[in-house]
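Peer 1: Here is the input, now give the coordinates:
(one chain, ligands or ions: 2)
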Amino acid sequence: MSSFKKPSNSRLPQLTKLTRDQHPISRKNISDNALKVLYRLHNSGFEAYLVGGCVRDLLLGIQPKDFDVTTNATPEQVKKLFRNCRLIGRRFRLAHIVFGRDIIEVATFRGHHKEDNDEATSHARKQPIAKTDEKGFLVRDNVYGSIEEDAERRDFTVNAMYYNIADFCIYDFAGGKKDLDAGILRLIGDPEQRYREDPVRMLRAIRFATKLNMQMDKQVQEPINEMASLLRNIPPARLFDEFLKMFMSGKASANFEMMVQHNLFQQMFPVLKTYLKDEQSPAVALIQRALSDTDKRVNNEQRVTPAYLLAVMLWYPMEARRSQLEVESGLPPMDALNIASADVIDRQCQTVALPKRFSLPVRDIWQLQLRLQSTRGGKAMKVLEHKKFRAAYDFLMLRAEIEGSDALIELSQFWTKAQKAPNKVIGNKPGRSGPKRRRRPRARKKPKGSESNE
Ligand code: ATP
Ligand code: MG
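Peer 2: Ligands and ions are numbered 1, 2, ... in the order given. Here you go, the predicted structure:
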């Protein structure tokens, strides 16, 4: 097949083709929508493949999260074929074929990474080739190419397998099947160069190692510690997406441990750096517990929110700042808490951008920690109606468990009872819980007729 000519100076080993009887992927495992897209492209004379995570996961017997399609049709050609198509993306244009809530992403084969004057490798389509900056970071990636070039720019060997709808064969460009069988995660090409081009690949290495239960190849693992600081060049919004994938997919605990070990977590959460040095610190214990609770919930298909996790993660840095403010400027606790919250969230957003829809509930959960200290009177019970009460209560329970102070334990027990029977607990104040509230002396009634305009 002439279109499978290897580019000169290719970093791919020899192509392996697995015929239908040599692999287990059947069309029954592929979603109807993905099949529709593959067939329409194919019947219109284009090449059409499933690629990446879905092929890898199907080979492992895991239900893929989504089905990604790749083709030699340009985005504009794809758009002409599908009424339900939207073109997206600036850095690289992609077609989204929309079936209600299900979206099939269709990408045109991508071309080369490197500035390269070799006629044989700079592709015939006379598109500008992808560009890296002086540090090797990919700054432009909007180049169409051949399928081998597309395979070459993928990250791991196990992610560079293509299922062809024309012949039902798997085209394995980088020895991914062998690595998948051996459980070894290997980067395509030189690992250090691949990390420099896109430092997020270091996070992906960890995520795939835990998700797929694979070992990182020595060359994949070794450079990470040294190169981890390159994550600082990644736009904070992209790191937030990676944060979600790391911590909301059921492998949060394992990802946290490996990220800390490889100096990656410290880059994403610099405000936690000092706390992480002491493995016994309550900050670390609190985070570990919240992560393993999150994993349990995800694996039981219960709802999870990043706001809760972020409130837990950033709690101690916020508390430290709050008490510093209280001591230094004598601010009342709630004011100090509000300023400290804004400070810590601002600093966090410099590396991992927290969207407002998550940072606002984080602040609510923190404010409620203070409000939950007041347990007297019907007014205190109003907090039960707060939309973040449940998250704040869960957090309080966690703090009580990890910190183990009598006051926190009593307080958490109080709120456990209060939820069941708010009327019963009124006036039934636990030990010394909240800050004492001084009652304002009631204004003395003035004798009638003595009103003045003072
Ligand atoms: P999952 O969806 O389970 O997280 P995935 O492998 O499908 O895993 P995606 O982020 O959906 O991951 O990416 C799809 C494919 O695109 C990958 O399999 C890989 O081939 C390629 N890819 C994604 N991100 C990169 C990257 N940073 N560098 C190189 N190739 C990438
Ligand atoms: Mg995917």
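Peer 1: So which bits of the stretch 1-150 of the chain are right by ligand 1?
Peer 2: The stretch 1-150 of the chain has residues 52-53, 65, 68 near ligand 1, with proximity defined as CB under 6 Å from any ligand atom. Quick note: C-beta positions are derived from backbone N, CA and C, even for glycine.
Peer 1: Please identify, among these, the one with the most neighbours.
Peer 2: Compared across those, Gly52 has the highest neighbour count, 24 neighbours, by other CB atoms under 10 Å.
Peer 1: give me the number of residues near Val304?
Peer 2: Number of residues near Val304 (other CB under 10 Å) recorded here: 19.
Peer 1: er, Asn29 actually
Peer 2: Neighbour count for Asn29, taken as other CB under 10 Å: 14.
Peer 1: what about it, distance to ligand 1?
Peer 2: 15 Å (CB to the nearest ligand atom, to the nearest Å).
Peer 1: out of the residues of the stretch 1-150 of the chain next to ligand 1, which are inside strands?
Peer 2: Asp68 (DSSP state E).
Peer 1: export the residues of the stretch 1-150 of the chain next to ligand 1 to TSV and tack on pLDDT and distance to Arg321?
Peer 2: Listed next are those as TSV, based on pLDDT from 0 to 100; distance: CB to CB, whole Å:
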residue	pLDDT	distance to Arg321
Gly52	95	42
Gly53	96	40
Lys65	91	38
Asp68	97	43
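Peer 1: Of the residues of the stretch 1-150 of the chain next to ligand 1, which is the nearest to Asn159?
Peer 2: Ranked by distance to Asn159 (CB to CB), those are led by Gly52 at 5.2 Å.
Peer 1: need the contact list for the closest one.
Peer 2: Contacts for Gly52 (CB atoms under 8 Å, 6 or more residues apart in numbering) come out as 68, 154, 159.
Peer 1: thinking the last one is in contact with Phe173, fair?
Peer 2: No - with contact defined as CB atoms under 8 Å, Asn159 does not reach Phe173; the gap is 10.4 Å.
Peer 1: Give me the more crowded residue out of the two.
Peer 2: Phe173 (25 against 20).
Peer 1: In the stretch 201-350 of the chain, which residue sits closest to ligand 1?
Peer 2: Using CB to the nearest ligand atom, the single residue of the stretch 201-350 of the chain nearest to ligand 1 is Arg201, 5.3 Å away.
Peer 1: now swap in the chain and tell me
Peer 2: Gly53 (2.1 Å).
Peer 1: other SSEs contacting the lengthiest helix in the chain?
Peer 2: Counting by DSSP state H, the longest helix found in the chain is helix 306-329. Where contact means 3 or more CB pairs under 8 Å, 6 or more residues apart in numbering; DSSP states H and E, helix 306-329 is packed against helix 236-247, helix 282-299, helix 333-349, helix 356-371, helix 389-403.
Peer 1: Contacts for it next, please.
Peer 2: Applying CB under 8 Å, 6+ apart, the contact partners of helix 306-329 are 243-244, 247-248, 252, 269, 271-272, 275, 281-283, 286-287, 290-291, 294, 331, 333, 336-337, 339-341, 343-345, 348, 354, 358-359, 361-362, 365-366, 391, 394-395, 398-399.
Peer 1: Please apply the same query to stretch 389-405.
Peer 2: Residues from elsewhere that reach stretch 389-405 (CB under 8 Å, 6+ apart): 282, 285-286, 289-290, 293, 305, 307-308, 311-312, 315, 361, 364-365, 368-369, 372, 383, 386, 408-409, 411-412, 415-416, 419.
Peer 1: at 7 Å what do you get?
Peer 2: Residues outside stretch 389-405 that contact it (CB atoms under 7 Å, 6 or more residues apart in numbering) are 282, 285-286, 289-290, 308, 311-312, 365, 368-369, 372, 383, 408-409, 411-412, 415.
Peer 1: and what of stretch 86-95?
Peer 2: Counting by CB under 7 Å, 6+ apart, 75, 78-79, 85, 96, 98, 105-107, 110, 141-142 sit against stretch 86-95.
Peer 1: run the last query once more with 10 Å
Peer 2: For stretch 86-95, the surrounding residues in contact (CB atoms under 10 Å, 6 or more residues apart in numbering) are 37, 68-69, 71, 73-79, 81-82, 85, 96-98, 103-108, 110, 130, 138-144.
Peer 1: Just give the number of residues close to Val158.
Peer 2: By the measure other CB under 10 Å, the count of residues near Val158 is 31.
Peer 1: show me the contacts for it.
Peer 2: Going by CB under 10 Å, 6+ apart, the list of residues near Val158 reads 52-53, 55-57, 59-60, 172, 174-181, 183-186, 188, 208, 212, 214.
Peer 1: Looking at those residues, which are in strands?
Peer 2: Among these, DSSP E puts 172, 184-185 in strands.
Peer 1: out of those residues, who has the most neighbours?
Peer 2: When neighbours are counted by other CB under 10 Å, Asp172 leads those with 26 neighbours.
Peer 1: quick one: that residue and Met161 touch, right?
Peer 2: Yes - using CB atoms under 10 Å, Asp172 makes contact with Met161 at a distance of 4.9 Å.
Peer 1: that older thread, of the residues of the stretch 1-150 of the chain next to ligand 1, which is the nearest to Leu41?
Peer 2: Closest to Leu41, out of all of these and judged by CB to CB, is Asp68, at 13.1 Å.
Peer 1: Identify the bridge partners of that closest one.
Peer 2: Counting by DSSP bridges, Asp68 forms beta bridges with Glu105.
Peer 1: Isn't it up against Leu38?
Peer 2: No - judged on CB under 10 Å, Asp68 makes no contact with Leu38 at a distance of 11.1 Å.
Peer 1: list residues touching both of the two?
Peer 2: Each of 49-50, 104, 106 lies in contact with both Asp68 and Leu38 under the rule CB under 10 Å, 6+ apart.
Peer 1: Format the residues you listed as TSV; extra columns: neighbour count and pLDDT.
Peer 2: What follows is these, written out as TSV (neighbours: other CB atoms under 10 Å; pLDDT from 0 to 100):
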residue	neighbour count	pLDDT
Tyr49	26	98
Leu50	27	98
Ile104	24	98
Val106	26	98
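Peer 1: any chance of those in a markdown table, with distance to Glu149 too?
Peer 2: Listed next are the shared contacts of Asp68 and Leu38 as a markdown table, based on distance: CB to CB, whole Å:
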| residue | distance to Glu149 |
| --- | --- |
| Tyr49 | 14 |
| Leu50 | 18 |
| Ile104 | 22 |
| Val106 | 17 |
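Peer 1: Let me see the contact set for Val362.
Peer 2: By CB under 10 Å, 6+ apart, the residues touching Val362 are 305-315, 318, 341, 344-345, 348, 354, 388, 391.
Peer 1: Could you check how far it is from Gln348?
Peer 2: Distance, Val362 to Gln348, by CB to CB, to the nearest Å: 9 Å.
Peer 1: hey, what's in contact with both of the two?
Peer 2: 310, 313-314, 318, 354.
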